[in-house]
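Enquirer: Sequence first, then the predicted structure:
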Amino acid sequence: MRKLACLVALLLLGATIPAFAQTTEPVDNGTDFACTDALDQARPLTIAGTGATGQYAVPDTAATTLIVFGHGYGHISDSWVEHMKRAATDHGVVSVAMDYRGSYKDSAGNNRGWFVKEGAEDMIAAAHLFQDSCTTIDQTIIFGVSMGGNSTGLAVAQAAGDENATGGPLFDYWFDVEGAVNVLETYAGASALAGSGNAFANNAKADIEDEMNGTPDSDPEGYADLAVVNHVDEIV
């Protein structure tokens, strides 16, 4: 039975996690894929056949919990390196953060893109990769902040019919921290603030339009489908 909960604290990371073996699986970033590592580091990750990129960290002893971090607007996996390292080192879990395909830096050096649909697909691919490769993982947590609430919520909804290697749900728990779960409201807020000349809001408005190929007026159904609040039945 699917056990998904919208929570706002990382309660489960304190659990003691038992062992699993190191393995190598299809990654095309030129590094060895590892389920354990004695070094306190984050490794680059590219999932073969998808172009999805990110970073991950693993504990020095084997684990049964995987946590997938969904970053917020203006961020990529770099923003979660220290969180991933602490999750692995202090709590003994495998952790991964994806970049969301399409993300880029603009001329001012800002991380750009509201690529939540792509991010959802990337996080689903990462969950499958780690569950299949690190075969004793039996619990997967997905944790999103701000825009990450949009991408992780879509991931949970899209993966509603997926199973892990043991026949359970792909994601066991969803942590949604101040998530942008209604993109129509987020777009309306960004549009209102953009009118004041706020650069961050202007970027967010433009990036949501780019993801949706238009405004809510031009594609109301697409915007509605992007809103996590409209996928409650799939999530629970």
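Expert: Perfect, thanks for sending it.
Enquirer: Quick one: neighbours of Phe200, just the number.
Expert: Using other CB atoms under 10 Å, Phe200 has 13 other residues around it. In short, each C-beta sits where N, CA and C put it, glycine included.
Enquirer: so how far is Ala108 from it?
Expert: Summarising the geometry, the distance separating Phe200 from Ala108, computed by CB to CB, to the nearest Å, is 11 Å.
Enquirer: Can you get me a residue count around Thr180?
Expert: Just so we're on the same page, residue 180 is Ala rather than Thr. Around Ala180 there are 28 other residues, counting by other CB under 10 Å.
Enquirer: how about it, secondary structure?
Expert: coil (DSSP: H, G, I helix; E, B strand; the rest coil).
Enquirer: And the helices in this protein?
Expert: Assigned by DSSP state H, the helices in the chain fall at 81-91, 116-133, 147-158, 183-194, 199-212, 220-226, 232-235.
Enquirer: Please identify the deepest-packed of the ones you listed.
Expert: Mean neighbours per residue, mean count of other CB atoms under 10 Å, is largest over those for helix 147-158, with a mean of 27.
Enquirer: elements contacting that helix?
Expert: Other helices and strands packing on helix 147-158, by 3 or more CB pairs under 8 Å, 6 or more residues apart in numbering; DSSP states H and E, are strand 65-70, helix 116-133, strand 139-145, strand 173-177, helix 232-235.
Enquirer: Tabulate those (CSV), appending distance to Lys205 and mean pLDDT.
Expert: Rendered in CSV, the data for those read as follows (distance: least, CB to CB, whole Å; pLDDT from 0 to 100):
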stretch, distance to Lys205, mean pLDDT
strand 65-70, 21, 98
helix 116-133, 15, 96
strand 139-145, 20, 97
strand 173-177, 23, 97
helix 232-235, 26, 92
